[in-house]
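Colleague: Fold the following for me, if possible:
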Amino acid sequence: MNTQMMTRRATIKELESKLKTSLLELKKYKEEYTFLLRERSDCEEEMLVMNTKIASLKAELSEIHIQKMDLLDQRDRLQETIKQLDLNSDRRKAKIRFVR
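Modeller: Reported below is the predicted structural model:
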């Protein structure tokens, strides 16, 4: 019976050692999991900031596009005005030549 007790004690010691090793592994995995959760949270926050920045830049780009279209329209109207002025100037010069 003494050998049987010794075998049981050895088995119990072995199982305790395995349990301690498993517990240490679980603690390590829990720490890694916690770290990954923080990383994920940080990334999500960064993505929200980036999405806000992208939305802001899109709005700014839209405003710049509207300003560009307005400026192109103004340019076209000015060019048309210049053409009309040149045409009127040419007509006046022709009248002056004709009168002389």
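
Colleague: before we move on, which element is the most centrally placed residue in the chain in?
Modeller: What sits nearest the mean C-alpha location of the chain, by C-alpha atoms, centre = their mean, is Met50, with 3.6 Å. Assigned by DSSP states H and E, Met50 falls within helix 2-99.

Colleague: Find me the pLDDT at the residue nearest to the centre of the chain, would you?
Modeller: Met50 is assigned a pLDDT of 98 by the prediction.

Colleague: measure it to His65 for me?
Modeller: For Met50, the distance to His65 (C-beta to C-beta, to the nearest Å) stands at 22 Å. The way it works is simple: take the backbone N, C-alpha and C, and place the C-beta from them, glycine included.

Colleague: pLDDT below threshold where in this structure?
Modeller: Within the chain, the stretches with pLDDT under 70 are 1, 100.

Colleague: mind running it again at 80?
Modeller: 1-2, 95, 97-100 (pLDDT under 80).

Colleague: Lys93 - how many residues pack around it?
Modeller: 10 (other C-beta atoms under 10 Å).

Colleague: same question, Asp90
Modeller: Per other C-beta under 10 Å, the neighbour tally for Asp90 reads 10.

Colleague: cool, and the one 5 residues further on?
Modeller: Counted by other C-beta under 10 Å, the residues lying close to Lys95 total 10.

Colleague: Same question for Val99.
Modeller: 6.
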